[in-house]
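Asks: Can you look at this prediction? I've put the sequence above it.
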Amino acid sequence: MFFSAMQRKSYSPVASDMSSIIPIHNAVNERTWHEILRWERGRGAAACGGPKLVSFEGDASKLSPRAWWLSSVWGYQKPFDRHDWVVDRCGKRVDYIIDFYEGKGNGAGAKEGKQAGPGPSFYLDVRPKLNSVEGVMMRVQKALGWD
């Protein structure tokens, strides 16, 4: 499926590389889900078995507003990918945006959202979208330390 998706997106994947790429891709997705669960903690989803992923969509060519601001105005690196995930919290849908950035290299010190140790290094910027009152409130609460 991953190989086919890369072909659909006009990449030139090599089948023999998939045994290395897929575990990395899976690790990134697992880390993303872990970060979403941190945002969702204490928001009531435990009552229905926890939050559930409804859908996700990736678009590396589309910058989030934050990524655009940081890269265009402040000169920071652009993310190598962007995903939009929709999570169901007991019937309430919450949209998340994820920017994927390259890390500082192998073995870099552990930092929130970043894989450390051998292998690829990456940084995830995971946050609720500001497209709903819920998303705005979650961000404000986190900024105020209320999460």
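Replies: That came through, no problem.
Asks: pLDDT of stretch 24-38, averaged?
Replies: Across stretch 24-38, the average pLDDT comes to 93.
Asks: so how far is that stretch from its chain's centroid?
Replies: On the basis of C-alpha atoms, centre = their mean, to the nearest Å, stretch 24-38 sits 7 Å off its chain's mean C-alpha point.
Asks: Show me where this protein has its strands.
Replies: 52-58, 81-89, 92-102, 122-128 (DSSP state E).
Asks: what is the orientation angle of the longest helix seen in the chain with strand 52-58?
Replies: Secondary structure of the chain per DSSP state H: the longest helix is helix 18-40. Helix 18-40 and strand 52-58 are oriented at 120 degrees to each other (axes from the mean of the first three to the mean of the last three C-alpha atoms, to 10 degrees).
Asks: residue contacts, the most centrally placed residue in the chain?
Replies: Residue closest to the average C-alpha location in the chain (C-alpha atoms, centre = their mean): Ile98, at 3.3 Å. In this structure, Ile98 makes contact with Thr32, Glu35, Arg82, His83, Asp84, Trp85, Leu124, Asp125, Val126, judged by C-beta atoms under 8 Å, 6 or more residues apart in numbering. Any C-beta I mention is one placed from the backbone N, CA and C, and that applies to glycine too.
Asks: ok, for the last one, nearest residue in space, not its chain neighbours?
Replies: It refers to Val126. Glu35 (3.8 Å; C-beta to C-beta, 6 or more residues apart in numbering).
Asks: The one you found contacts Leu124, doesn't it?
Replies: Yes. Contact criterion C-beta atoms under 8 Å: Glu35 and Leu124 qualify, at 5.8 Å.
Asks: out of these two, which sits in the busier spot?
Replies: Higher neighbour count among Glu35 and Leu124: Leu124, with 23 against 18, using other C-beta atoms under 10 Å.
Asks: Quick check: bridge partners of the more buried one?
Replies: Here Leu124 sits in beta bridges with Phe100, as judged by DSSP bridges.
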